[in-house]
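1. Need a 3D model of the following:
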Amino acid sequence: MIEVQNLSKNYGPFQALNDISFSVDKGQIVGFLGPNGAGKTTTMRVLTCFMPASSGKVTVAGYDVFKESREVRKRIGYLPENIPLYTEMTVTKYLSYMAKIRSVPRPQINERLDTAIESCGLTERRNQIIGQLSRGFRQRVGLAQALIHDPEVLILDEPTSGLDPRQIAEIRELIKALGKERTILFSTHILTEASQTCERLLIISKGKITGDVQLSNGRAVSSVTPIEEESDAPPKSLTLVVTGGQPDKIMDVLTHIPDTVSVEQSIIDTDETLTFHIQSASTSDIRAAVAKTIVEHEWNLLEMRTDEKSLEELFLSLTSETAE
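-> Modelled structure (predicted):
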């Protein structure tokens, strides 16, 4: 649905985007994360035909952003960071005006208007003047204008910026509902928001894509960087708490479990409780084998937990100086 190949953008001597490439499949909700100034907004402005790139190729729904921009804009709904609302107009008048700008056929305007208003939870506010709405409802109006022409792709730039926690939760649920029928790419620098909304994260730092992270239930399950192959996250490391055995014997047995890379004993063990840290191959889950081995030797397994890198730690590692 979205294909970006070797995209670069220069502002005079400053390079905002440096040869980035990524793709977004149809029906995905993808978060575009990075620190302030990383290049998120610049990328989205290129994708939505608001500005040209210095080099590279971008296609949306099979159409070239630079050569077929009119076709691309028909298929994209765009919510910029600063929403261009006419605050003296009512919600209905504004959305009707946007529908005409978007070339929605006149006989379909009322239908598209009702659908956008209902989808964005604006039914009770449809006749209210936009300037009298709270920031959260103004954000909903911005989403409604992005939806008014029924686009295949939604590009949302910081859709929850400046909202309170309740409003953020409401917009997050709205994005998830919209994502059932559309491809969505939205930028943010709030990890909690992204982890609870997306199935995939693209990490950008200083104009470069530094990571492509797959999520499941808000947790990173795999990560790909431009310089390394895919590596599965769980379980890279296990922590065990065991009783009923001799440390040297337990160490020896654990070491011989297939796909075990290393075993270390904690230095804070007591005579009764022993703690071990096991490093395993990144593509293997050895938890079942470990539990079975301990039971067979009649030791007591008090605790076994995976030591996973948190999403915050992953983000920081992918946006640090060393990641680049």
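
2. Now do the contacts for Ser266.
-> Contact analysis of Ser266 by Cβ atoms under 8 Å, 6 or more residues apart in numbering lists Leu274, Thr275, Phe276, His277. Placement of C-beta: from N, CA and C, glycine included.

3. at 6 Å instead, please
-> Ser266 sits next to Thr275 when contact means Cβ atoms under 6 Å, 6 or more residues apart in numbering.

4. let's have the chain start at 269 instead
-> Yes, from this point I'll number from 269; that puts the last item at Ser534.

5. distance of it from Leu508?
-> Ser534 is 10 Å from Leu508, where distance means Cβ to Cβ, to the nearest Å.

6. repeat for Val421
-> Val421 is 47 Å from Leu508, by Cβ to Cβ.

7. cool, Ser585 as well?
-> Distance of Ser585 to Leu508, computed by Cβ to Cβ: 26 Å.

8. Next: Leu582.
-> Distance from Leu582 to Leu508, by Cβ to Cβ: 24 Å.

9. So between these two, which is more surrounded?
-> Leu508 (24 against 19; other Cβ atoms under 10 Å).

10. Secondary structure of that one: a strand, I assume?
-> Yes. Assessed with DSSP: H, G, I helix; E, B strand; the rest coil, Leu508 lies in a strand.

11. Pretty sure Ser289 sits against Gln273.
-> Yes. Proximity of Ser289 to Gln273 meets the contact threshold set by Cβ atoms under 6 Å, at 5.1 Å.

12. could you dump the host helix or strand of Ile471 to CSV, C-alpha only?
-> Per DSSP states H and E: Ile471 is located in strand 468-473. Output of strand 468-473 as CSV, limited to C-alpha atoms (Å, rounded to 0.1, in the frame of the first residue of the first chain):
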residue,chain,number,x,y,z
ARG,A,468,4.2,-2.5,14.1
LEU,A,469,6.6,0.4,14.8
LEU,A,470,9.0,2.1,12.5
ILE,A,471,11.8,3.9,14.4
ILE,A,472,13.4,6.9,12.9
SER,A,473,16.3,8.9,14.3
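
13. What lies in contact with it?
-> Residues contacting strand 468-473 (Cβ under 6 Å, 6+ apart): 290, 298-302, 306-307, 462, 478-482, 586-587.

14. Swap in 8 Å and give it another go.
-> Contacts of strand 468-473 (Cβ under 8 Å, 6+ apart): 288, 290, 296-303, 306-308, 311, 462, 477-483, 583, 586-588, 591-592.
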